[in-house]
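> Structure, please.
(chains A and B)
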Amino acid sequence: MNNVSRDYMIKLLEKGKRIDGRRFEDLRKVEISYEISKHAEGAARVKFGSTEVIVGVKLEVGKPFPDNPNEGTIIVGAEMLPLSSPDFESGPPSVNSIELARVVDRAIRESHAIDLEKLCIKEGEEVWMVLIDIYTINDGGNLQDASALAALAALKQAKFPSYDGKKIDYSKKTGKLPIASLPVECSVVRIKDKLLSDPCLDEEKMMDARLTIGITENNDICAMQKAGKGIFRFEDISEMIEVSLKNSEKLRKLLK
Amino acid sequence: MYSKRLDGRGFDELRKIEAKLGVVESAQGSAMFRIGDTIAIAAVRGPRDLYPKFMQNPKRGTLRCNYNMMSFSVDERIRPGPSRRSREISLVTENALMPAVNLSDFPNAVVDVFIEIIQADAGTRCAGICAASLALADAGIPMRDLVCAISVGKVGDKIVVDLNKLEEDYEGGSTDMPVAFLPRRNEISLLQLDGEMKKEDILKALELAKKSCEKILEVQRNVLMEKYKNE
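Here you go, the predicted model:
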């Protein structure tokens, strides 16, 4: 980011203003839509302002891990498509896309959002594998929160295909995926000494650091991730959690 | 005998087509193209500097296409990342679009076209090309013509246009022939065939493809006119 824009944004922040006119704690307009791909077991598109991601859930039958023979598995992947930003390049997953996927995974896993025991078909031999794939469509900042919300929305939609012990019939859907909690993620960035929720792209580019907080419907914090090279002060943390608790409720209300 | 199409369409009838511009806000140009249950989006980035530098062409800009299917676009999940199939389709897509663009004003630069298939029901490369052509126009890249693409072929004993997945998998035999046209210049820029067909049938199918591309062109032109009528 060039110095002119940077100085301008800092000047605004000192006056208590953000470049897109929001207050520090405000989210952008968030929209969720469904019916993305009829071949996905569940899918959702989420927009945070100009930021847009699509998440699809596929279900497959596989072997459980030996240490959890009666539990299904979750795999989260993220593709930061070069279509979605001039800064993304094709090729093997970048470290940023790995972080994006892992932080989404963390909130889902740690809050037990999916009841994994109900995914067991035959203990030690066959379980359902939940494959969650995130694709970025437009990076306008804060892909993290948009991806987490889209993943949850897609999981809530997801239905099992029918399985007769030999073959999966994807054309026939049976029951819904067992969802046990509703974790959403809220990110706050620090620029100078200001804390801004749901950063837009320019804010993200000039941030010192970002904190992503995963929050369940009981206001439990189920995941955190500090990103970026800068620092937070101690008092920042409670302020960031406080504002994120409020925002997380707003996000959860948008879910079907 | 394939006496009636599985989805009830006429043999020369396309599935419902829908197009939309500006689906990726930060891109120079972008478009969605939907035909039946196949949905493609395309975004254009550039002209921008091409790296590594030895790949630059000092005479004209380079067109680079990337076709990808999202993992959940089909029933059996596709492993994310490039495959042999997607690389080949990226290449033929590039070749299908190249004759339509004029990049002589952009030496050393690259125009990137990214195509993503969100939902697949056959004909994805053609839908991708139609979307890409719209995205290039939307980006203001100098063009000689639009590009319209459609798959034709033979299902059982009938020449048909715009095969869906059920028809591609038809047990009485199915041949798929994707075609791309530059309609104003009346040129073909993509032609592939998967299956078996006699020469006469191929010619008939080509005619059918050409006729069908007029309908696609109309949709493409309408959506562009809509956005740029005041410019």
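> Got phi/psi on A:T212?
Backbone torsions of A:T212, given as degrees, to the nearest 10, read phi -110, psi 130.
> these two touch, right, it and A:P183?
No - with contact defined as Cβ atoms under 8 Å, A:T212 does not reach A:P183; the gap is 11.6 Å. (C-beta placed from N, C-alpha, C; glycine too.)
> what sits in contact with each of these two?
Common contact partners of A:T212 and A:P183 (Cβ atoms under 8 Å, 6 or more residues apart in numbering or on different chains): A:A223.
> can you tell me the distance between the two ends of stretch B:6-24?
End-to-end span of stretch B:6-24 (Cα to Cα, to the nearest Å): 35 Å.
> Check whether it comes near chain A.
Yes - using Cβ under 8 Å from any Cβ of the partner chain, stretch B:6-24 reaches chain A at B:23-24.
> what's the model's confidence in that stretch, averaged?
For stretch B:6-24, the mean per-residue pLDDT is 97.
> Can you give me the buried ones in that stretch?
B:9, B:14-15, B:17, B:19-21, B:23-24 (16 or more other Cβ atoms under 10 Å in any protein chain shown).
> Just give me the closest of these to A:I241.
B:V24 (33.6 Å; Cβ to Cβ).
> Look at the closest one and give its secondary structure.
At B:V24 the chain is in coil, as set by DSSP: H, G, I helix; E, B strand; the rest coil.
> what sits against it?
B:V24 touches A:52, A:83-84, A:137-138, B:30, B:41, B:43, counting by Cβ under 8 Å, 6+ apart.
> Now with 6 Å, please.
A:138, B:30, B:43 (Cβ atoms under 6 Å, 6 or more residues apart in numbering or on different chains).
> hang on, the second one is in a helix, isn't it?
No - secondary structure assignment places B:S30 outside any helix; it is strand (three-state DSSP).
> ok, it to B:S71 distance?
Separation of B:S30 from B:S71 (Cβ to Cβ, to the nearest Å): 21 Å.
> Then the last one?
Separation of B:A43 from B:S71 (Cβ to Cβ): 19 Å.
> between those two, who's got more neighbours?
When B:A43 is set against B:S71 and neighbours are counted by other Cβ atoms under 10 Å in any protein chain shown, the residue ahead is B:A43, at 31 against 24.
> Now do the same for residue 38: its pLDDT.
Just going to use chain A. 94.
> my bad, chain B
98.
> What's opposite it in the beta bridge?
Beta-bridge partners for B:T38, by DSSP bridges, are B:I35.
> So which bits of chain B are right by chain A?
B:24-26, B:43, B:45, B:66, B:70-75, B:77, B:80, B:114, B:118-119 (Cβ under 6 Å from any Cβ of the partner chain).
> Now do the strands in chain B.
Taking DSSP state E to define them, one finds strands in chain B at B:17-21, B:29-35, B:38-49, B:62-69, B:109-119, B:148-155, B:158-161, B:174-182, B:187-191.
> from the middle of its chain, how far away would the helix ranked longest in chain A be?
Secondary structure of chain A per DSSP state H: the longest helix is helix A:234-253. Relative to its chain's centre, helix A:234-253 lies at 16 Å (Cα atoms, centre = their mean, to the nearest Å).
> again, but for stretch B:40-55
The answer for stretch B:40-55 is 19 Å, by Cα atoms, centre = their mean.
> Could you give me the buried positions within it?
Buried residues in stretch B:40-55 (16+ other Cβ under 10 Å): B:40-47, B:50.
> Next: stretch B:192-203.
Buried residues in stretch B:192-203, counted by 16+ other Cβ under 10 Å: B:193, B:197, B:201-202.
> thinking again about what came up before, now, among the buried residues of stretch B:6-24, which is nearest to A:K194?
Minimum distance to A:K194 across the buried residues of stretch B:6-24 is 30.1 Å, recorded for B:V24 (Cβ to Cβ).
> Might you name the residue of chain B sitting closest to chain A?
Nearest residue of chain B to chain A, counting by Cβ to the nearest Cβ: B:F72, 3.0 Å away.
> who touches that residue in this structure?
A:37, A:40, A:56, A:58.
> Need the three-state assignment for the first one.
Think A:S37. Taking three-state DSSP, the label given to A:S37 is coil.
> distance of the residue nearest in space to the middle of chain B from B:G140?
Centroid check for chain B by Cα atoms, centre = their mean gives B:I129 as the closest residue, at 2.1 Å. Note on B:I129: its distance to B:G140, by Cβ to Cβ, is 19 Å.
> And B:D49, by the same measure?
18 Å.
> For the closest residue to B:C130 other than its chain neighbours, which residues are in contact?
Distances taken as Cβ to Cβ, 6 or more residues apart in numbering or on different chains place B:F33 nearest to B:C130, at 4.4 Å, with adjacent residues excluded. B:F33 makes contact with B:19, B:40, B:127, B:130-131, according to Cβ under 6 Å, 6+ apart.
> same thing with B:P47?
B:61, B:106, B:109, B:111.
> show me where the stretch 1-150 of chain A has helices.
Secondary structure of the stretch 1-150 of chain A (DSSP state H, counting those that start in this stretch): helices at A:3-14, A:95-110, A:143-157.
> so what pLDDT did A:K256 get?
85.
> That should have said A:V103, apologies.
94.
> and if you look at A:E126?
pLDDT at A:E126 comes out at 97.
> What residues are bridge-paired with the closest residue to it other than its chain neighbours?
Spatial nearest neighbour of A:E126, excluding adjacent residues (Cβ to Cβ, 6+ apart): A:V61 at 5.6 Å. When bridges are called by DSSP bridges, A:V61 pairs up with A:W128.
> still on that earlier bit, for the strands of chain B, which one ends up most surrounded?
Of the strands of chain B, the one with the most neighbours on average (mean count of other Cβ atoms under 10 Å in any protein chain shown) is strand B:148-155, at a mean of 27.
> Report the angle between it and strand B:174-182.
Relative orientation of strand B:148-155 and strand B:174-182, computed by axes from the mean of the first three to the mean of the last three Cα atoms, to 10 degrees: 160 degrees.
> for strand B:148-155, what is the average pLDDT?
In this model, strand B:148-155 carries a mean pLDDT of 96.
> Same check on stretch A:205-220?
The model assigns stretch A:205-220 a mean pLDDT of 94.
> which one of the contacts of B:V24 is nearest A:S111?
Closest approach between the contacts of B:V24 and A:S111, by Cβ to Cβ: A:N138, at 27.7 Å.
> Across the sheet, point out what pairs with the nearest residue to that closest one once chain neighbours are set aside.
Residue nearest to A:N138 in three dimensions, not counting chain neighbours: A:E52, with 4.4 Å by Cβ to Cβ, 6+ apart. Taking DSSP bridges as the rule, A:E52 bridges to A:K47, A:N138.
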